[in-house]
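J.: Okay, predicted coordinates and the sequence, questions at the end:
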Amino acid sequence: MGGALSIASSVLLPDVDAVVAFYGVPPSELADPAKAKAPVQAHFGELDSFVGFSDVTVPPREIIVKAAKSLEEKLKASGIPYEVHIYPGNAHAFMNRSQEGVKRRKDMGLTDEDEASCQLAWSGFQSWMSRYLSA
């Protein structure tokens, strides 16, 4: 919900200066990312198989992260600055390191414990916001 709402805010809210979204793309009927007006940075787990979050499909010999790649194409069409990051070996909610989040992911069979990806994503978030927001 958070990632999709973040991207939707870039499309629908004129006072938004920058967006960072973690896993999630809004339905086009809510907010078409091709019409984004604020810079968008998005983060996805390569193994996220939840529909609308990354939509992993596995053809022979490669993984395609459908929703993330589609978002990237739409953001490119929008003309706004954007970055789309896909973290190999990570599934949905890989950034949620709370005790409850870790338990929930494990209960769902999502056992990724990639601290390096979390740190990389957090660093990207901080640099993106520093670039587009003034104090």
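T.: Thanks, I have the structure now.

J.: what's around His43, how many residues?
T.: 25 (other C-beta atoms under 10 Å). All C-beta atoms are positioned from the backbone trio N, CA, C, and that covers glycine.

J.: looking at it, it is touching Tyr87, isn't it?
T.: Yes - His43 is within contact range of Tyr87, at 6.9 Å (criterion: C-beta atoms under 8 Å).

J.: shared neighbours of these two, anything?
T.: Common neighbours of His43 and Tyr87 (criterion: C-beta atoms under 8 Å, 6 or more residues apart in numbering): Ala121.

J.: Give me the buried stretch members for the lengthiest helix in the chain, please.
T.: Criterion DSSP state H: the longest helix present in the chain is helix 115-132. Within helix 115-132, the residues that count as buried by 16 or more other C-beta atoms under 10 Å are Ser117, Cys118, Ala121, Gly124, Phe125, Trp128, Tyr132.

J.: same thing with stretch 94-105?
T.: For stretch 94-105, using 16+ other C-beta under 10 Å, the buried residues are Phe94, Met95, Arg105.

J.: Redo these as TSV? Include distance to Val20 and secondary structure.
T.: Compiled in TSV, those are given as follows (distance: C-beta to C-beta, whole Å; DSSP: H, G, I helix; E, B strand; the rest coil):
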residue	distance to Val20	secondary structure
Phe94	15	coil
Met95	11	coil
Arg105	21	helix
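
J.: right, and out of these, which lies closest to Asp17?
T.: Met95 (21.9 Å; C-beta to C-beta).

J.: and the closest one, what is it in contact with?
T.: Phe22, His43, Cys118, Ala121, Trp122.

J.: And those residues, which is closest to Gly79?
T.: The closest of the contacts of Met95, once distances to Gly79 are taken by C-beta to C-beta, is His43, at 21.4 Å.

J.: Quick check: the gap between that closest one and Asp114.
T.: His43 is 12 Å from Asp114, where distance means C-beta to C-beta, to the nearest Å.

J.: so what sits against both of those two?
T.: Tyr87.
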